[in-house]
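Visitor: Predicted model, plus sequence, below.
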Amino acid sequence: MKRRNFFNWVGAGFLATSLPVVLAACQAQDETATDAATNASDTADAGADTPEPVDTTPRTDGFSAIGRVAELDSAGFVANKTLSAAVIRDPANPEAVLGVNSLCTHQGCTVEWDGESAFVCPCHSSKFAPDGSVTAGPAETPLPVLEAKIEEDLVLVKAS
């Protein structure tokens, strides 16, 4: 066998064995598996004393549970990526809650609560006030406000 043919076969073998890895990396994740993993991690973050996961199935009144009050109080916010919702305590009235659509109006990244005073987009650093209004760009449109409330030990949001 000639040297050139040998290296051609080795190269072809390398490409053939790499192809499945490349294809797997380029495929979109299964939505159901991702959502289940997200909900499981959201529940795990609530603490070891949480007896069972929160049922996020929409109720007849349109509200869905996105977390527990204990999680809201310990983390400062609760969020659900599937519902694109985030809820915090109202800084002006700690007995009330504020809910916003958690997708940044600039390019659709999921905003995160900074723990103090703003929702921040991790993609381009847009900042939003607790009521969803833009405090720093590049986003120009406020986050849509969602109806949110507390019932018993659950934080509920009405996604529109």
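Guide: Nice, I can see it. Numbers count the residues shown, from 1 in each chain.
Visitor: quick one: the strands in the chain?
Guide: 63-68, 77-80, 85-90, 93-101, 112-113, 119-120, 127-128, 134-136, 145-151, 154-158 (DSSP state E).
Visitor: so which of those strands gets nearest residue 3?
Guide: Across the strands of the chain, residue 3 has its closest neighbour in strand 112-113 (56.3 Å, Cβ to Cβ). Any C-beta I mention is one placed from the backbone N, CA and C, and that applies to glycine too.
Visitor: and the closest one, what does it pack onto?
Guide: Judged by 3 or more Cβ pairs under 8 Å, 6 or more residues apart in numbering; DSSP states H and E, strand 112-113 is in contact with strand 77-80, strand 119-120.
Visitor: if you set the cut-off to 7 Å instead, what comes out?
Guide: Counting contacts by 3 or more Cβ pairs under 7 Å, 6 or more residues apart in numbering; DSSP states H and E, strand 112-113 packs against strand 119-120.
Visitor: What mean pLDDT does the strand it packs on get?
Guide: Average pLDDT, strand 119-120: 86.
Visitor: Give me the pLDDT for the closest residue to residue 102 other than its chain neighbours.
Guide: Computed as Cβ to Cβ, 6 or more residues apart in numbering, the closest residue to residue 102 that is not its neighbour in sequence is residue 86, at 4.2 Å. Per-residue confidence (pLDDT) for residue 86: 84.
Visitor: same thing with residue 80?
Guide: Model confidence at residue 80 (pLDDT) stands at 80.
Visitor: again, but for residue 66
Guide: 80.
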